[in-house]
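Q: sharing a sequence plus its predicted fold:
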Amino acid sequence: MSTPEEKLLELGLVLPPLRPTLGGYVGCVRTGNLLFTAGQGVDEYHGKLGRDLTVEEGYLAAQQSMLNLLSVVKNEIGELSKIKQFVKVLGMVNSTEEFTDHPKVMNGATDLLLKVFGERGKHGRSAVGMAQLPNNTAIEIEMVIEIED
């Protein structure tokens, strides 16, 4: 059975370097067996879905945001195989008032987790629109995961 890191390589994806935080917070906090991440945006996709970016570009932005999150998690726990399950994913999409395809955008993150983690990648999810996000990033995602002891 492949590790999550090996699965990512099979998909042609690599975990990016950690992005610096933009303030006095940390990338994640562990309490017991739960890990709460700070939100992760992206460096490549900027602007509003429904005006500046297509749903397809939003999908790729969500995938990149999840890769950024997985980098934070790997840095904290050492190996992604220590993830027991993804509990909750919150996706905030920088979008126009008229845009309603937030779930399609967030599928970029969800599909990645399912491909890499299988059943463990299933999660509760919210996909919401935002009037603006820091640095005009297209998306910001945060999550709660359960990790092995």
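A: Right, received. Where do you want to start?
Q: excluding sequence neighbours, find me the nearest residue to residue 128.
A: Excluding its sequence neighbours, the residue lying closest to residue 128 (CB to CB, 6 or more residues apart in numbering) is residue 92, at 5.8 Å. Every residue, glycine included, has its C-beta placed from N, CA and C.
Q: list the beta-bridge partners for the one you found.
A: Judged by DSSP bridges, the bridge partners of residue 92 are residue 128, residue 140.
Q: need the contact list for residue 99.
A: Shown in contact with residue 99 (CB atoms under 8 Å, 6 or more residues apart in numbering): 48-50, 93, 129.
Q: could you redo the last one with a cut-off of 6 Å?
A: Contacts for residue 99 (CB atoms under 6 Å, 6 or more residues apart in numbering) come out as 49-50.
Q: does it count as helix, strand or coil?
A: Reducing the assignment at residue 99 to three states with DSSP: H, G, I helix; E, B strand; the rest coil gives coil.
Q: and the one 5 residues further on, by the same measure?
A: On the three-state scheme (three-state DSSP), residue 104 is labelled helix.
Q: look up phi and psi at the residue nearest to it when sequence neighbours are not counted.
A: Taking CB to CB, 6+ apart as the measure, residue 104 lies nearest to residue 55, with 5.1 Å between them; neighbours along the chain are not counted. Dihedral pair for residue 55: phi -60, psi -40, per degrees, to the nearest 10.
Q: show me the helices in the chain, by range?
A: 4-10, 55-77, 102-117 (DSSP state H).
Q: closest one to residue 17 among those?
A: Across those, residue 17 has its closest neighbour in helix 55-77 (7.1 Å, CB to CB).
Q: what lies in contact with the closest one?
A: By CB under 6 Å, 6+ apart, helix 55-77 touches 15-16, 18-19, 27-28, 37, 40, 42, 45, 49, 80, 101, 104-106, 108-109, 112, 138-139, 141, 147.
Q: and those, which are buried?
A: The neighbour-count test (16 or more other CB atoms under 10 Å) marks 15, 27-28, 37, 40, 42, 45, 49, 80, 101, 104-106, 108-109, 112, 138-139, 141, 147 as buried among the contacts of helix 55-77.
Q: hang on, isn't residue 138 packed against residue 95?
A: No: shown here, residue 138 and residue 95 do not form a contact pair, counting by CB atoms under 6 Å, at 8.7 Å.
Q: cool, thanks, signing off.
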